[in-house]
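S.K.: With the sequence up front, the predicted model follows.
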Amino acid sequence: MTTVRDVMTTDVRIVRPSSSLEQVARVLRDLDVGSVPVCDGVKLQGMITDRDIIVKAVAEGRDLSATKASELVEGTPVWIPVDADISEARRLMSENKIRRLPVIEDKRLVGIVSLGDLARADASTETAGTLRDVSAP
């Protein structure tokens, strides 16, 4: 059994709930990623994406230097336990149409598993199906 721990990225950059959207956008740009975890210390508050910034802030004319990351984080974040099987990660990604899952151990963020991580670990048709599900409108 291949677990999330076996394939996840452990060097995870976070932003604080008090970070401005301007700061968050710079982090996304500098890391060349589309989403970043929002954490208060090591406790996951949610994920913020480049699309969140565009749709919920730019399109509404918000001031990116004054709007905080916490203002865009909604609901309970989707996450996965560190020792879960990668098939569970595929299922969560498919159901929630997401490409990255925060990985939690003892209520702390310890990593991120991406669709790319799963593809490198398991080139099965199941991973291809996950990509199709996540990408469907």
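M.R.: All right, it came through fine. Residues are numbered from 1 along each chain as shown.

S.K.: so what strands line up beside the helix or strand where Leu101 lies?
M.R.: For Leu101, the host element (DSSP states H and E) is strand 100-105. Neighbouring strands of strand 100-105 in its sheet, by DSSP bridges, are strand 80-81 (parallel), strand 108-114 (antiparallel).

S.K.: Any chance of JSON lines for those strands, columns distance to Ala121, mean neighbour count and mean pLDDT?
M.R.: Any C-beta I mention is one placed from the backbone N, CA and C, and that applies to glycine too. Putting the strands paired with strand 100-105 into JSON lines (distance: least, Cβ to Cβ, whole Å; neighbours: other Cβ atoms under 10 Å; pLDDT from 0 to 100) gives the following:
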{"stretch": "strand 80-81", "distance to Ala121": "14", "mean neighbour count": "18", "mean pLDDT": "98"}
{"stretch": "strand 108-114", "distance to Ala121": "9", "mean neighbour count": "21", "mean pLDDT": "94"}
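
S.K.: who touches stretch 108-123?
M.R.: The contact list for stretch 108-123, computed with Cβ atoms under 8 Å, 6 or more residues apart in numbering, reads 2, 4-10, 12, 14, 37, 39, 42-44, 80, 82, 86, 89-90, 93, 99-104, 127, 130-131, 134.

S.K.: go on, stretch 59-76?
M.R.: Contacting residues not belonging to stretch 59-76 are listed as 15-22, 24-25, 38, 45-48, 52-53, 56-58 [Cβ under 8 Å, 6+ apart].

S.K.: In helices, which of these fall?
M.R.: Judged by DSSP state H, helices contain the following of the contacts of stretch 59-76: Leu21, Glu22, Val24, Ala25, Asp52, Ile53.
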